[in-house]
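>>> below: sequence and its predicted model.
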Amino acid sequence: MTQENASKSDKRLSDDIPTLEAEVVTLTKELEDTVVAIRTFMEAEDPRNGIYHHEEIFRLQQDKLRLDVEIKFRTNKINRINLGIDETGPSEGVKNGFLF
């Protein structure tokens, strides 16, 4: 993990629902663009002529998975806020002595 990625992962998500929803929209658009780019590179490959784009496809597939996770994190955060769940404290089960 690079220093830039480490600083991104340490940053907490916003507690503002409109901000989170805007980020989800942006990330969804980026995800759609990534899927189109993957398809484009796959269609541009020509094994007979030795034209391969495996590195670009692999990198874009990793980005697609990352974007998927980022969208899910934000969606889950929105749901927790709407349900009034406090994520900073222990869950109700742990308070009562249950681990799960």
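On my side now, so go ahead.

>>> might you list the low-confidence residue ranges for the protein?
1-10, 89-94, 99-100 (pLDDT under 70).

>>> now do 50
Across the chain, the ranges flagged by pLDDT under 50 are 1-4, 6-7, 9-10.

>>> regarding it, what is its longest helix?
Ranked by number of residues, the top helix in the chain under DSSP state H is helix 54-83.

>>> name the helices or strands packed onto it?
Counting contacts by 3 or more CB pairs under 8 Å, 6 or more residues apart in numbering; DSSP states H and E, helix 54-83 packs against helix 17-44. Yep, even glycine has a C-beta here, placed from its N, CA and C like the rest.

>>> report the angle between the helix it packs on and helix 54-83.
Here the directions of helix 17-44 and helix 54-83 differ by 160 degrees (axes from the mean of the first three to the mean of the last three CA atoms, to 10 degrees).

>>> buried stuff in helix 17-44?
Using 16 or more other CB atoms under 10 Å as the test for burial, helix 17-44 gives 20, 23-24, 27, 30-31, 34, 37-38, 41.

>>> with stretch 72-87 instead?
Across stretch 72-87, burial judged by 16+ other CB under 10 Å covers 74, 77-78, 81.

>>> with respect to Leu13, which of the residues you listed is nearest?
Among those, Lys77 lies closest to Leu13 (CB to CB), at 5.1 Å.

>>> can I get the buried residues of helix 17-44 in JSON lines including distance to Leu65?
Below are the buried residues of helix 17-44 laid out as JSON lines (distance: CB to CB, whole Å):
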{"residue": "Leu20", "distance to Leu65": "20"}
{"residue": "Glu23", "distance to Leu65": "17"}
{"residue": "Val24", "distance to Leu65": "16"}
{"residue": "Leu27", "distance to Leu65": "12"}
{"residue": "Glu30", "distance to Leu65": "13"}
{"residue": "Leu31", "distance to Leu65": "10"}
{"residue": "Thr34", "distance to Leu65": "10"}
{"residue": "Ala37", "distance to Leu65": "14"}
{"residue": "Ile38", "distance to Leu65": "11"}
{"residue": "Phe41", "distance to Leu65": "16"}
